[in-house]
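Trainee: everything below, folded, please.
(one chain, ligands or ions: 1)
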Amino acid sequence: MRRKFVAGNWKMNTSFQSAQSLAREVASAVAASNPAVDVAVCPPFPFLWPVQQVLVGSPVALGGQNAYHEKSGAFTGETSLDMLIDVGCQWVILGHSERRQFFGETDASINRKIAASVERGLGVIFCIGEVLEDRQAGRTETVLETQLAGGLAGFTATQLQKMVIAYEPVWAIGTGVTASPEQAESAHAFIRNWIAMHIDASLATALRIQYGGSVKPENAKEILSQPNVDGALVGGASLKSDQFLGIISAAAELARV
Ligand code: 13P
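Mentor: Just a heads-up that it's a prediction; the model follows:
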């Protein structure tokens, strides 16, 4: 059985102080309840280190929200994967729709970032998802296929063993409109099948696919109970410890049944 994985993408939110206190609240509750669920938080770059300090000895993992594929050099404003590893990250989110939409990331540039992460052994949360226009035009699977084929071009199953895919329909991000459990399940099943057909069947079976887009404690159980939904990538609700912990509890309850 795939162990569920709940990750918080804090995006461009929190301050030095609030990042540390949020991480402290999450870490202590997770340590106390010891849920059968993997948990990670992904703070903004300046707060990775202070949050890491709070997470020492905790089961909560640390992740970056992006990285550049080059090792080092004259790339003003960029952050390398080695830097993320250096401050204690185990995960990096790559290909988030906000990176694609506002910062010009393409399937090809995301592919280079995944390659660099794979080389360094950092776990990747690879985000894909369609915009509303694509869904309404019946192009969801075509878009997912293009993003999968582009982002994962050239990799073997062994290289992708640590990868997690996050299916995040763009129309559900930050809108309060969640994909229905059926819509999520259908996209997740499509993704798993694509991996089985184009990369490797056993990788597909083991692959964890998170759902992201307006996940809240109130809807988490319904979405997370779908057979192909293996966790959540949470934005807004990961900024409030009680909400994030509510989602973790929902995932943990399902792990028990
Ligand atoms: P929301 O949970 O705020 O909709 O954001 C989802 C997301 O983009 C996580 O990466």
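Trainee: what sits closest to the closest residue to the ligand within the stretch 151-257 of the chain if chain neighbours are left out?
Mentor: For the stretch 151-257 of the chain and the ligand, the shortest gap (Cβ to the nearest ligand atom) falls at Gly235, measuring 2.3 Å. The C-beta positions use only the backbone N, C-alpha and C, and glycine is treated the same way. The shortest distance from Gly235 to any non-neighbouring residue, by Cβ to Cβ, 6 or more residues apart in numbering, is to Asn9 (5.3 Å).
Trainee: that neighbour and Ala237 touch, don't they?
Mentor: No. Using Cβ atoms under 8 Å, Asn9 and Ala237 do not qualify as a contacting pair, with a distance of 10.4 Å.
Trainee: burial count for the nearest residue to Val229 once chain neighbours are set aside?
Mentor: Distances taken as Cβ to Cβ, 6+ apart put Tyr211 closest to Val229, at 5.1 Å, once the chain neighbours are dropped. By other Cβ atoms under 10 Å, the residues close to Tyr211 number 31.
Trainee: near the ligand, which residues of this protein?
Mentor: Within the chain, the residues that sit near the ligand (Cβ under 6 Å from any ligand atom) are 9, 96, 168, 173-174, 212-215, 233-237.
Trainee: what about those residues, which are in strands?
Mentor: 9, 233-234 (DSSP state E).
Trainee: and these, which of them are buried?
Mentor: 9, 233-234 (16 or more other Cβ atoms under 10 Å).
Trainee: would JSON lines of those residues with pLDDT be doable?
Mentor: Formatted as JSON lines, those follow (pLDDT from 0 to 100):
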{"residue": "Asn9", "pLDDT": "98"}
{"residue": "Leu233", "pLDDT": "98"}
{"residue": "Val234", "pLDDT": "98"}
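Trainee: of all the residues you listed, which comes closest to Arg2?
Mentor: Distances from Arg2 to these, taken as Cβ to Cβ, are shortest for Leu233 (15.2 Å).
Trainee: excluding chain neighbours, give the residue nearest to the closest one in space.
Mentor: Gly212 is the one closest to Leu233 (Cβ to Cβ, 6+ apart), at 3.6 Å.
Trainee: wait, doesn't that neighbour sit right on Gly236?
Mentor: No. In this structure Gly212 lies outside contact range of Gly236 using Cβ under 8 Å: 10.8 Å.
Trainee: and the two? which has more neighbours close in?
Mentor: Legend: neighbour count by other Cβ under 10 Å for Gly212 and Gly236, higher for Gly212 (27 against 19).
Trainee: for that one, grab phi and psi.
Mentor: Note on Gly212: its backbone torsions stand at phi -140, psi 140 [degrees, to the nearest 10].
Trainee: next one, pLDDT for it please.
Mentor: Gly212 is assigned 97 on the pLDDT scale.
Trainee: with Met1 instead?
Mentor: 83.
Trainee: ok, so what distance separates it from Gly77?
Mentor: Met1 sits 42 Å away from Gly77, going by Cβ to Cβ, to the nearest Å.
Trainee: so where do the helices sit in the stretch 151-257 of the chain?
Mentor: 181-198, 201-206, 217-224, 241-256 (DSSP state H, counting those that start in this stretch).
Trainee: format those as CSV; extra columns: mean neighbour count and mean pLDDT.
Mentor: Formatted as CSV, those follow (neighbours: other Cβ atoms under 10 Å; pLDDT from 0 to 100):
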stretch, mean neighbour count, mean pLDDT
helix 181-198, 18, 98
helix 201-206, 14, 98
helix 217-224, 19, 97
helix 241-256, 19, 95
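Trainee: good, we can wrap up now.
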